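>>> One predicted model, sequence on top.
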Amino acid sequence: MPASPSTARAINDRLALRLLQQEGPLTAGQLKQLTGLSRPTVADLLERLGAAGLIAVVGEAGEQRRGPNAKVYGIAADRAHLAALDVRTESVAVVVADLVGRVLAEASVPIGGDTGTGPAVEQAVTLVEHVAKEAGADRLHTVGIGAPGLIDPSSGELRDSTGLPEWHRELVATLQERLPEARISVENETNLAALAEQRDGAARDRDTFVLLWLGHAPGAAVVLDGALRRGASGGTGEIGFLPVPGTAGLPTSKDCEGGFHSLASSAAVVGLAAEFGIEAAVSEAGVVRAAVGVVQGATARVRRAALPEGPGPSGAAAPEVPWPGDPASAGRFLDALADRLAVGVAAVVAILDPGCVVLGGEVGQAGGAELAGRVQRHIARMTPLATEVRATTLGGGAVLRGALLTARNRAQDELFAPVERVPGGRPDGGQGPSSPPPGRSLG
């Protein structure tokens, strides 16, 4: 049965909007070529989408071409503003962007461990409001939050987790109160990092992979056949609870000490460095920065030792990152760290056979290809399943990028609903600003 005219228009509109999302601004001629639609149909949908405020003329194709078809159309970026938050144990980072994801303003603030719940929440919310004002956003349409811990798959709420600050849960509720018109959603930080790595980072060519997050605490995200897998209770990737050899005991349902966490957390990395005589000072900046420092130092020391004497081909000497020990001790430290990480990776490989594991987070970025290569060599001795180990290309910024991608997609999904002219109202398909958000949003 052929589609009705209204259904056909909705399909064509959606197709054109998706192409503008994926390809960027296009001319009418390019849209005609990419969609296979007739010139009159393309002209009709451009008029319809423009009247709905979803697209706008953003330029011309070139001086050699004049006339209507030379106009370049793009998504109306100022139709909505989005915010993304990366909520950590010791800090909050915020970006505000337009509807196409172009960052307009960003900032971060440290939050000390001795900060009370109320003051911590107020600091974070004030930061969001400040960044939105700096970006010129009168209203936030969608807010995406990345946070550590378990997300309830039925409600989308951040579950109460032992070891995580109470202000994390309070922040989501307070944001909803202070931003009543915004669609607010929360997702596990490692899952968001995996989405960013797949879209813009080290896993762009992979439909199946596992991201091993190496930050304050280890985590994992599983992407199979292009889809993020969360599990029945939202706990897929809670690798810190994985029982492993080499620890003092076993983890419990309320404490991951004794599990893989005891081998791969930032505190464990700092402790491992101490075994090699490297004392990393844990300042107010936190244990993650201390772990990053020792891994960067060891990696740089090994790389410098492999370079010929004197400046490199570009005339610039290798960067100086402190490592008090000799190159051999730096290599032994990285081997010991790779051996620890391989224990967790081997368990993941045995169950999922992902073919690719990305070492993410700040510590994964600090180790780079040097650490990834060592982990891959350890894995090759532990499993018959071929597994490539890659270093992140996004580092700790992957969470914020993933949160922004998620917010952008959710906002566009709602705003790009089928466009129909509503008698006496605007042509928005009935999706006004107070419509409930799709998916797993809160509020």
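Okay, I see it.
>>> residue ranges with poor pLDDT in the stretch 51-200 of the chain?
The stretch 51-200 of the chain contains residues with pLDDT under 70 at 62-69, 160-163.
>>> now the strands for it?
For the stretch 51-200 of the chain, the strands defined by DSSP state E, counting those that start in this stretch occupy 55-60, 71-75, 81-87, 91-98, 103-110, 142-147, 183-188.
>>> Next, format those as JSON lines and append mean neighbour count.
Heads up, the C-betas are built off the backbone N, CA and C, glycines and all. Formatted as JSON lines, those follow (neighbours: other C-beta atoms under 10 Å):
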{"stretch": "strand 55-60", "mean neighbour count": "16"}
{"stretch": "strand 71-75", "mean neighbour count": "19"}
{"stretch": "strand 81-87", "mean neighbour count": "28"}
{"stretch": "strand 91-98", "mean neighbour count": "23"}
{"stretch": "strand 103-110", "mean neighbour count": "16"}
{"stretch": "strand 142-147", "mean neighbour count": "28"}
{"stretch": "strand 183-188", "mean neighbour count": "25"}
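>>> Just put the ones you listed in CSV and tack on distance to Leu31.
As requested, these are exported to CSV (distance: least, C-beta to C-beta, whole Å):
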stretch, distance to Leu31
strand 55-60, 10
strand 71-75, 8
strand 81-87, 25
strand 91-98, 22
strand 103-110, 27
strand 142-147, 26
strand 183-188, 29
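>>> Tell me which of those sits nearest to Gln22.
Checking the strands of the stretch 51-200 of the chain against Gln22 by C-beta to C-beta gives strand 71-75 as the closest, at 10.8 Å.
>>> and the angle from the closest one to strand 91-98?
Interaxial angle, strand 71-75 versus strand 91-98 (axes from the mean of the first three to the mean of the last three C-alpha atoms, to 10 degrees): 140 degrees.
>>> helices or strands next to the helix or strand where Ala268 lies in the packing?
Per DSSP states H and E, Ala268 falls inside helix 266-275. Packed against helix 266-275 by the contact rule (3 or more C-beta pairs under 8 Å, 6 or more residues apart in numbering; DSSP states H and E) you find helix 287-306, helix 327-352.
>>> what distance separates that helix from the middle of the whole chain?
Distance of helix 266-275 from its chain centroid, counting by C-alpha atoms, centre = their mean, to the nearest Å, is 26 Å.
>>> Just the angle for that helix relative to helix 327-352, thanks.
Inter-element angle recorded for helix 266-275 and helix 327-352: 140 degrees (by the same axes, to 10 degrees).
>>> contacts for helix 266-275?
Residues outside helix 266-275 that contact it (C-beta atoms under 8 Å, 6 or more residues apart in numbering): 214-217, 261-262, 279-280, 282, 286-288, 290-292, 294-295, 298, 333, 336-337, 340, 363.
>>> List only buried entries from those residues.
Neighbour counting with 16 or more other C-beta atoms under 10 Å marks 214-217, 261-262, 280, 282, 286-288, 290-292, 294-295, 298, 333, 337, 340, 363 as buried within the contacts of helix 266-275.
>>> any idea of the pLDDT on Arg440?
Looking at Arg440, its pLDDT stands at 38.
>>> now swap in the one 3 residues further on and tell me
Here, the pLDDT recorded for Gly443 equals 35.
>>> Can you identify each of the helices in this protein by residue range?
Using DSSP state H, the helices of the chain run over residues 5-23, 28-35, 39-51, 117-134, 166-178, 189-200, 261-264, 266-275, 287-306, 327-352, 361-382, 398-415.
>>> Identify whichever of those lies nearest to Val57.
Val57 lies closest to helix 39-51 among the helices of the chain, at 8.0 Å (C-beta to C-beta).
>>> For the closest one, list the C-alpha coordinates in CSV.
The C-alpha atoms that make up helix 39-51 are tabulated as CSV, following Å, rounded to 0.1, in the frame of the first residue of the first chain:
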residue,chain,number,x,y,z
ARG,A,39,13.6,19.0,-7.9
PRO,A,40,10.1,20.2,-7.1
THR,A,41,9.9,17.8,-4.1
VAL,A,42,13.2,19.1,-2.8
ALA,A,43,12.1,22.7,-3.2
ASP,A,44,8.9,21.9,-1.4
LEU,A,45,10.6,20.2,1.6
LEU,A,46,13.1,23.1,1.9
GLU,A,47,10.3,25.6,2.0
ARG,A,48,8.5,23.4,4.6
LEU,A,49,11.5,22.9,6.8
GLY,A,50,12.5,26.6,6.6
ALA,A,51,8.9,27.6,7.6
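>>> Now do that helix: distance to the chain's middle.
The answer for helix 39-51 is 35 Å, by C-alpha atoms, centre = their mean.
>>> re earlier: make JSON lines out of the helices of the chain and add distance to Val210.
What follows is these, written out as JSON lines (distance: least, C-beta to C-beta, whole Å):
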{"stretch": "helix 5-23", "distance to Val210": "26"}
{"stretch": "helix 28-35", "distance to Val210": "34"}
{"stretch": "helix 39-51", "distance to Val210": "39"}
{"stretch": "helix 117-134", "distance to Val210": "30"}
{"stretch": "helix 166-178", "distance to Val210": "25"}
{"stretch": "helix 189-200", "distance to Val210": "8"}
{"stretch": "helix 261-264", "distance to Val210": "14"}
{"stretch": "helix 266-275", "distance to Val210": "20"}
{"stretch": "helix 287-306", "distance to Val210": "20"}
{"stretch": "helix 327-352", "distance to Val210": "5"}
{"stretch": "helix 361-382", "distance to Val210": "12"}
{"stretch": "helix 398-415", "distance to Val210": "14"}
